[in-house]
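Colleague: sequence below, structure please.
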Amino acid sequence: MNRLRLILAESVRSLGANISTTVAATMTVLIGMFLLGIFIALGTWVLSWSHHVKNELLVKVYFKDSATPQQVNAVAARLRADTRVQTFRYISKDQALKEMQIRYPDLTKGLPANPLPASERITPKRAEEIDAISASFQPVPPGVLKVTNAPQRSHRILKVAHLIDVVFLIAVIILVIASTLLIANTIRLSIFSRRREIEVMKLVGATNWFVRGPFMLEGLMCGLVGALTAVVLLVLSKTVVLPSIIGKLNAGTDVHAWPFWLNAAMLIGAGLALGAAGSGLTLRRFLKV
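Modeller: The predicted model follows:
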């Protein structure tokens, strides 16, 4: 306990005595964690949106007006047995017309008869399997007019969704590496300015861990303060800026970013880890006295 108190007291004294480098290290952590927090929030929202769009991809089996109930049931039995199908729903001619009247009232006004066929709307378990499900109905079974999955639109959506996944992963990796290098370099400058102090401590017999302890604790404190400040700024951004942006985007209710508490916990953990690791690893070259 006495050693811990000594290390804590030394860390607090050093932070106050080297206020400029302390502020520089803390601001570096703040900027890095704030940018990382914004990117995680926006990136996970875009990922959720891409998954939402993929879930809207459907395979539609249209029936002939002359299709018998047995032929409709045969298609339903085939879909029920297909492990690639998540759900399917039968849409009658009347239901199809009602939906069309709601979506396009001007086009459906004054129709002499119902031109829309009955259909099965199929949601695949994986959006990438829509082509395989469509191909399973070739040649078309008795009573089926045609099978469609809007291939051009579907393939374009899947390409964009995959591109978003890859870009998000690469950007997070680059941002984490850049933040780590920036924070480590700032801490290295702080330690370099106190290299004489480290040499004196080593010459009077201090162990490596006794020297390293206060510096790592300083790094933890800078990382914690910087990360907490970044979280506060993110809370303000979430409250003031985010509603005006998200409110203008036409997205489903199932589109959302990661929970804010998870983002905040990741940032605080990253700030602590980067602060301590940056101090501990950078100090190694100055311990060789």
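Colleague: which residues does the closest residue to I164 other than its chain neighbours contact?
Modeller: Once flanking residues are discounted, I164 sits nearest to S50: 4.8 Å by CB to CB, 6 or more residues apart in numbering. Glycine gets a C-beta too; all of them are placed from N, C-alpha and C. For S50, the contact set (CB atoms under 8 Å, 6 or more residues apart in numbering) comprises V160, A161, I164, D165.
Colleague: in the strand or helix carrying S50, what's buried?
Modeller: Taking DSSP states H and E as the definition, S50 sits inside helix 19-55. Residues 21-22, 24-26, 28-34, 36-41, 43-50, 52-54 are the ones in helix 19-55 that count as buried (16 or more other CB atoms under 10 Å).
Colleague: ok, stretch 82-99 next?
Modeller: Result for stretch 82-99 [16+ other CB under 10 Å]: buried residues D82, R84, V85, F88, I91, A96, L97.
Colleague: those helices in this structure, which residues are they?
Modeller: 2-17, 19-55, 69-81, 93-103, 130-135, 151-192, 195-203, 208-240, 242-246, 260-282 (DSSP state H).
Colleague: can you tell me what sits against the third one?
Modeller: Translated: helix 69-81. 61, 63, 85, 88, 90, 118, 120, 122, 136, 141-144.
Colleague: how does the protein divide up, domain by domain?
Modeller: 2-53+157-287, 58-149 (automatic domain parsing).
Colleague: show me where the stretch 1-150 of the chain dips below the pLDDT cut-off.
Modeller: Residues of the stretch 1-150 of the chain meeting the criterion pLDDT under 70: 1-18.
Colleague: number of nearby residues for K60?
Modeller: 16 (other CB atoms under 10 Å).
Colleague: who does it form a beta bridge with?
Modeller: In this entry, K60 is beta-bridged to R121, T148, by DSSP bridges.
Colleague: and N185, how far is that from G271?
Modeller: 16 Å (CB to CB, to the nearest Å).
Colleague: right, I mislabeled it, should have said K125
Modeller: To G271, K125 is 39 Å away according to CB to CB.
Colleague: quick check: P139 vs V147, distance?
Modeller: Taken as CB to CB, the span from P139 to V147 is 10 Å.
Colleague: of the two, give the one with the bigger neighbour count.
Modeller: V147 (21 against 5).
Colleague: got the phi and psi for the residue nearest to that one when sequence neighbours are not counted?
Modeller: Closest residue to V147 apart from its sequence neighbours, by CB to CB, 6+ apart: F137 at 4.4 Å. Torsion angles at F137 (phi, psi; degrees, to the nearest 10) stand at phi -100, psi 20.
Colleague: ok, F137 touching V61?
Modeller: Yes. Contact criterion CB atoms under 8 Å: F137 and V61 qualify, at 6.4 Å.
Colleague: between these two, what contacts are shared?
Modeller: V144, V147.
Colleague: ok, those two, which is more surrounded?
Modeller: V61 (28 against 18).
Colleague: which residues does the nearest residue to the more buried one once chain neighbours are set aside contact?
Modeller: Distances taken as CB to CB, 6+ apart put E120 closest to V61, at 4.3 Å, once the chain neighbours are dropped. E120 makes contact with K60, V61, F63, V75, A76, L79, F88, R89, Y90, I91, according to CB under 8 Å, 6+ apart.
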